[in-house]
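**Q** Any chance you can model this:
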Amino acid sequence: MHEQVEQVLRSRYGLSAPVTIIDNSLDITIRDHLARPAPGRVRTGETGLTALWVGQMGYRKGLDVAMAAVAQARADLPGLRLRVVGVPAGKQAEGVDWLGIIPPNRMAEVYRNADLFIFPTRYESFGLVVIEAMAAGLPVIVSDNIGAGIVTHGRNGVVIAGYDPSHYAEALRHLAPPATRAVIAEANTEDVRRFTVDSTVSGYTSVVESFAGSQ
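**A** Model (predicted):
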């Protein structure tokens, strides 16, 4: 599903055969819900930011880094909150809301009610939650473990090398102005259009046809 997965396969298993890369696609349920008109959310300015983290494995997906970054950034953005989705509730922390596990048909609402997405993942084979957030128009703050070509630094948000919370806190401050987020939101909803189910199905179909033709 990405060049870096191909590299892992080749290095770990000594694979020398050709590899076809087929991008993942945006979940149909979330895509359809995001396409529906929805009441506009009342934005509360720079200090009332809502950051969102979504994942199934806290440490691997950098939840600890996101929480530490939000804690630091709240010194300058006192209304900043972090909403955590996909893992059981952890220890209570100032500015953190634990939303638990949310079904796909409700995720569009979760994305719509956030201002930006933070995902300091320590390993990622693709990053489905990242393209979901982009489809919702959210600027994204991600680690450089998100494969090249999915998030462009500056255009789609901020790409950060490593897991120093202070760097992610600085990105939160950078994306606080509504005007900054609005420009990125427009770019993200445009760029994410290439991650379609039709494109993914076409990729798999081509692979299957190539096997069939070789028999």
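
**Q** Using the three-state scheme, assign the spatially most central residue of the chain.
**A** For the chain, Val130 is the residue whose C-alpha lies nearest the centre (C-alpha atoms, centre = their mean; 1.8 Å). Using DSSP: H, G, I helix; E, B strand; the rest coil, the secondary structure recorded for Val130 is helix.

**Q** was I right about it contacting Ile141?
**A** No - with contacts defined as C-beta atoms under 8 Å, Val130 does not count as touching Ile141, sitting 10.1 Å away. For every residue, glycine as well, the C-beta is placed using N, CA and C.

**Q** which residues are common contacts for these two?
**A** Counting by C-beta atoms under 8 Å, 6 or more residues apart in numbering, the common neighbours of Val130 and Ile141 are Phe117, Phe119.

**Q** Find me the pLDDT at Ala169, would you?
**A** Per-residue confidence at Ala169 stands at 98 (pLDDT).

**Q** now swap in Gly45 and tell me
**A** According to the prediction, Gly45 has pLDDT 60.

**Q** Going by neighbour count, which residues in the longest helix anywhere in the chain are buried?
**A** Looking only at the chain and at elements set by DSSP state H, the helix with the highest residue count is helix 197-214. For helix 197-214, the neighbour count (16 or more other C-beta atoms under 10 Å) marks Thr200, Gly203 as buried.

**Q** Kindly report the same for stretch 69-83.
**A** Residues of stretch 69-83 classed as buried by neighbour count (16+ other C-beta under 10 Å): Ala69, Val70, Ala71, Gln72, Ala73, Arg74, Leu77, Leu80, Arg81, Leu82, Arg83.

**Q** quick one, helices of this protein?
**A** Listed in chain order (using DSSP H), the helices of the chain are 3-13, 28-35, 63-73, 104-112, 128-135, 165-174, 178-191, 197-214.

**Q** Need the residues that contact the third one.
**A** Helix 63-73 is touched from outside by 51, 53, 55, 58, 80-82, 84, 87, 93-96, 118-120, 163, 165-173, with contacts defined as C-beta under 8 Å, 6+ apart.

**Q** can you give me how far the lowest-mean-pLDDT helix or strand in the chain is from the chain middle?
**A** Taking mean pLDDT, DSSP states H and E as the measure, the helix or strand of the chain with the lowest value is helix 28-35, at a mean of 75. A distance of 16 Å separates the centroid of the chain from that of helix 28-35, by C-alpha atoms, centre = their mean, to the nearest Å.

**Q** packing partners for that helix?
**A** Contacts of helix 28-35 with other secondary structure elements, assessed using 3 or more C-beta pairs under 8 Å, 6 or more residues apart in numbering; DSSP states H and E, are made with helix 104-112, helix 128-135.

**Q** how about low-confidence regions in the protein?
**A** Low-confidence segments of the chain, defined by pLDDT under 70, span residues 36-47.

**Q** Fine by me, thanks again.
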